[in-house]
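Participant: sharing a model that was predicted from the sequence below.
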Amino acid sequence: MTDSKYFTTTKKGEIFELKAELNSDKKEKKKEAVKKVIASMTVGKDVSALFPDVVNCMQTDNLELKKLVYLYLMNYAKSQPDMAIMAVNTFVKDCEDANPLIRALAVRTMGCIRVDKITEYLCEPLRKCLKDEDPYVRKTAAVCVAKLHDINAQLVEDQGFLDTLKDLISDSNPMVVANAVAALSEIAESHPNSNLLDLNPQSINKLLTALNECTEWGQIFILDCLANYTPRDDRESQSICERVTPRLSHANSAVVLSAVKVLMKFMEMLPKDLDYYGTLLKKLAPPLVTLLSAEPELQYVALRNINLIVQKRPEILKHEMKVFFVKYNDPIYVKLEKLDIMIRLASQANIAQVLAELKEYATEVDVDFVRKAVRAIGRCAIKVEQSAERCVSTLLDLIQTKVNYVVQEAIVVIKDIFRKYPNKYESVIATLCENLDSLDEPEARAAMIWIVGEYAERIDNADELLESFLEGFHDESTQVQLQLLTAIVKLFLKKPTETQELVQQVLSLATQDSDNPDLRDRGYIYWRLLSTDPVAAKEVVLAEKPLISEETDLIEPTLLEELICHIGTLASVYHKPPSAFVEGSRGVMHKRLPARTGSGESTESPDVGTAAGGSAPEAAPSIIPSQGDLLGDLLNLDMAPPTTSGPPPPTTGMQMGGMDLLGGGLDSLLGGDLGGSPAMGAGFGAAPAVMPASLNAPVGGGLGDLFDLGGGVGMPMGAYIPPKIVWLPAMKAKGLEISGTFARRAGVIQMELILTNKAMSIMTDFAIQFNRNSFGLAPAGPLQVLTPLGPNQTIEVSLPLSTVGPVMKMDPLNNLQVAVKNNIDVFYFSCQYPISMLFVEDGKMERQVFLATWKDIPNDNESQFQIKDCHLNSDAASSKLQGSNIFTIAKRTVEGQDMLYMSIKLSNGIWVLAELRVQAGNPNYTISLKCRAPEVSQCVFQCYEAVLKN
């Protein structure tokens, strides 16, 4: 009888009975009882109450019973950690059993029990099993190291297991090698900076030797590991390709795709004129074709991968068009994917064959498939010019079928054909106009309206046709409304006398009766153009349009390179990089194909940045973010390359706050603060429009002699700017070195950067992004590196900053985490900005307000500091501090000691009040700071110290 009987019982009081059976003296009865317990556990019943009784059954020589008990332990150890400790001795004993199966079973189970208390006991047995004489035990122990690392990474490193794991790569048994590679890859993925898989030609040779003999999944682990290696030159690349090529004929499709990934990557380094390059292209086609004879789900995965391969190297499958022809019984998802690849492979040589197929598909019953087939005909016309006429006649034949959705799709693609080949096929417009009444989809209606407006001079009744659309203007979708507005304006410019009423009607509908801002704005632009300068209106609206490109849906080249490096993974099915769907930092490593040179840089630098463990250089403050937010937040941000000409594009209001980037570039950058005061200074060095009242406060008694520190808030003289330091060394950023400092000029905070290219390749497309920080610092515009940065070149860039970005308290408070992107990669570093950058120009408090505020802030919020070795008198100190927006409110002298009362206002509206005591002849000053947010006091003191001593 089978074990299914254990799942049929529903007796009550079962736990009590099982308890008795588990403690029975008869071995068979014990075994039966454990099977019942496992069956109950499998169907979701809680049998944790039997934990001590089941653990007692561990002391047995019966392998089947031992496996069942271990299974139970794995499931319940987490909820009963104290009880699980009871099993440790048996585990340790089993790890020294004569039977290798029991040794492996024990170490595997211990790795699966995720209880901290047990992990300490696991180390010794694991160390022995890693050096066990039996390869089965060694391969099980290798995987156990990865599991243990996931529970307690520090313990694994301290015990030296990682080094043992690296030694296993040289093991004589191929399965041990494969598991060691799998374990190291798993650990390296969660710790990108660890550089565990330190691959070199010797270790690669060992992996390739093991590749021929291990199981299929072992081969996949090894091939994936090989894909992360960058060969030194084309000879090594060819040698690896030759040894990997036999894997293409493997029965397992995952092995085939992993081999394709390695070959696609290493082909990059082979010269195209090499005979072997051509041979390799021919060898890649048959295995990919074979994948298409599998079941539909596997076909789909293969097709998604082939789609990427065809975009990168269409020559591989250019003679295999027939295998992508759709079969009647293919599921819709396979059909659509095949269609896509057919169009990518379409060329002058095979277009007749492709068109005959597509015309056939357009008569199918599946609506989605038919739509895509009709669109495909249009895409073929745009891609292969010689076929355009044949495609247009095919589309006209389809329109004559009068099938509604076919007609609508045909009109949409004919519009694109007109855009690609102007003044060539306009004779078909009459046929299109006959079908005007049957159009009910927005895209088709918009396409037809565009055709009527664009060729209004050739259509006698164009005004009537457009007027018919105008009747239900407000019921149309936005796409149709915008197209109709433009088409009627075009018609008016071509036939002004006949259509004046029509254009007035549409402009009135668009501007007065519509609540859509896009439509209103376009309506007003046309209205003003037509009323002020009709000639200019003609030039704008009837301007010659650029021809549309052949392939509009190609994946962007850098993304395609990354996806090629992920062939055979989910990324290749989604056509998205792992960072788009893997949460947090795990697995988010940007990969690139190697350059076609002898010494390509590593495709996957372990030094992703200081975020995950690398510290900054000694000169810079070493701040390593503890949160996982640096990778999580910064990698998902879209950092577009900078514009090459003209003013920087305006960012959103949220990003900019009080800043306004006008057409004049940096000179017209306005500074503003968040404290509720009017926006400060105008352009660089310009006088302010309104002087804050507090700067001209009356001089009078009370606190003694008040300085009159008026004189405007233009660029303060002698503002302290810290010296530039290296923030990102070249060795951590693939040759890009970044030094910098922060400055505040005319109310604008600036990040002053020096970018140095110490690599051999040109760097372009620079962009910058900040992580959330304590004071909301964010770039107020793009990073303006307008010319490529060549090898050994240095460029200085000034980046204006705003203080209205997202806020998150950092430790230390003035820590800033930065991501810089260029054409090579994204790099990360941390730096600290002096908090004096945030001291705003209207920070001088009125005397009475100062007194009231000082009394109002609790004494617990007062901090006292010593500034040592400062040799300035009080007047010089006051003058120097004012340069950094630290304003003296009053000064008084008591028993030869000058006491300066000062106020500072931060960009987020926080006020800091200070009392500075200066004793003549004493180089040590005492400063007391009071603030409602006392955590800023330490940073403010550091600013005092820096300003006074420099």
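Facilitator: Perfect, I can see it now. Just so it is clear, the structure is predicted and the values come from calculations on it, not from any experiment. Numbering: from 1, shown residues only.
Participant: so, low pLDDT: which residues of the chain?
Facilitator: Counting by pLDDT under 70, the chain shows low-confidence ranges at 1-13, 192-195, 550-553, 584-590, 592, 595-718.
Participant: what ranges do the strands span in it?
Facilitator: Secondary structure of the chain (DSSP state E): strands located at 725-728, 736-745, 748-757, 767-770, 778-779, 794-802, 815-821, 826-832, 862-867, 887-894, 897-905, 911-919, 925-931.
Participant: distance of K283 from A251?
Facilitator: To A251, K283 is 17 Å away according to CB to CB, to the nearest Å. Where you see a C-beta, it was placed from the backbone N, CA and C, and this is true even at glycine.
Participant: out of these two, which sits in the more crowded spot?
Facilitator: It is K283, of K283 and A251, that has more neighbours when counted by other CB atoms under 10 Å, with 16 against 8.
Participant: please name the nearest non-neighbouring residue to the more buried one.
Facilitator: Of all residues not flanking K283 in the chain, T245 sits nearest, at 5.9 Å (CB to CB, 6 or more residues apart in numbering).
Participant: of all the strands of the chain, which lies closest to L68?
Facilitator: With CB to CB, the closest approach to L68 among the strands of the chain belongs to strand 826-832: 49.0 Å.
Participant: off-centre distance for the closest one?
Facilitator: Here strand 826-832 is found 16 Å from its chain centre; the criterion is CA atoms, centre = their mean, to the nearest Å.
Participant: what is it packed up against?
Facilitator: Strand 826-832 is packed against helix 629-635, strand 725-728, strand 736-745, strand 815-821, with contacts defined by 3 or more CB pairs under 8 Å, 6 or more residues apart in numbering; DSSP states H and E.
Participant: one more pass at 7 Å, please.
Facilitator: Using 3 or more CB pairs under 7 Å, 6 or more residues apart in numbering; DSSP states H and E as the contact test, the elements touching strand 826-832 are helix 629-635, strand 725-728, strand 815-821.
Participant: the second one pairs with which strands?
Facilitator: So that's strand 725-728. strand 736-745 (antiparallel) (DSSP bridges).
Participant: pull the residues that contact the partner strand.
Facilitator: 684, 715, 719, 721-730, 749-758, 763, 820, 822, 827, 829, 833-834, 837 (CB atoms under 7 Å, 6 or more residues apart in numbering).
Participant: now do the helices in the stretch 1-150 of the chain.
Facilitator: Applying DSSP state H, counting those that start in this stretch to the stretch 1-150 of the chain gives helices spanning 14-22, 27-42, 51-56, 63-76, 81-84, 88-94, 100-112, 116-130, 135-151.
Participant: show me what the second one is packed up against.
Facilitator: Counting contacts by 3+ CB pairs under 7 Å, 6+ apart, helix 27-42 packs against helix 14-22, helix 63-76.
Participant: how far away from the center of its chain is that helix?
Facilitator: Its chain's average C-alpha position is 49 Å from that of helix 27-42, according to CA atoms, centre = their mean.
Participant: in stretch 65-84, which residues are buried?
Facilitator: By 16 or more other CB atoms under 10 Å, the buried positions in stretch 65-84 come out as 65-77, 80, 83-84.
Participant: let me fix that, I meant to ask about stretch 335-348.
Facilitator: In stretch 335-348, counting by 16+ other CB under 10 Å, buried: 335-347.
Participant: surely A536 meets L529?
Facilitator: Yes: under the criterion of CB atoms under 7 Å, A536 makes contact with L529 at 6.2 Å.
Participant: pick out whichever of those two has more residues nearby.
Facilitator: Comparing A536 with L529 by neighbour count (other CB under 10 Å), the higher total belongs to L529, at 19 against 11.
Participant: coming back round to it: I113: which of the strands of the chain is closest?
Facilitator: Each of the strands of the chain has some distance to I113 by CB to CB; the shortest is strand 826-832, at 36.2 Å.
Participant: test my guess that A819 contacts Y828.
Facilitator: Yes: A819 lies in contact with Y828 (CB under 7 Å); the separation is 5.4 Å.
Participant: how many neighbours does D97 have?
Facilitator: Number of residues near D97 (other CB under 10 Å) recorded here: 15.
Participant: who's the closest spatial neighbour of it, skipping the chain neighbours?
Facilitator: R103 is the one closest to D97 (CB to CB, 6+ apart), at 5.5 Å.
Participant: repeat that for I187.
Facilitator: H149 (5.1 Å).
Participant: excluding sequence neighbours, find me the nearest residue to C95.
Facilitator: Spatially, and ignoring its direct neighbours in sequence, C95 is nearest to P125 (3.7 Å; CB to CB, 6+ apart).
Participant: and the nearest residue to C112 once chain neighbours are set aside, how far from V54?
Facilitator: Leaving out its chain neighbours, the residue that sits closest to C112 by CB to CB, 6+ apart is M74, at 4.7 Å. M74 sits 12 Å away from V54, going by CB to CB.
Participant: with A920 instead?
Facilitator: A920 sits 84 Å away from V54, going by CB to CB.
Participant: which one of those two has more residues nearby?
Facilitator: Each of A920 and V54 has its neighbours counted (other CB under 10 Å); V54 has more, 27 against 10.
Participant: G111 versus the residue nearest to C112, what's the distance?
Facilitator: According to CB to CB, M74 stands 10 Å off from G111.
Participant: extract the CA atoms of stretch 287-294 and return them as PDB.
Facilitator: Extracted C-alpha coordinates of stretch 287-294, given in PDB (Å, rounded to 0.1, in the frame of the first residue of the first chain):
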ATOM      1  CA  PRO A 287      20.500  25.400 -30.900                       C
ATOM      2  CA  LEU A 288      18.200  28.500 -30.900                       C
ATOM      3  CA  VAL A 289      16.000  27.000 -33.600                       C
ATOM      4  CA  THR A 290      15.900  23.700 -31.700                       C
ATOM      5  CA  LEU A 291      14.500  25.500 -28.600                       C
ATOM      6  CA  LEU A 292      11.400  26.500 -30.700                       C
ATOM      7  CA  SER A 293      10.300  22.800 -30.900                       C
ATOM      8  CA  ALA A 294       9.800  22.600 -27.100                       C
END
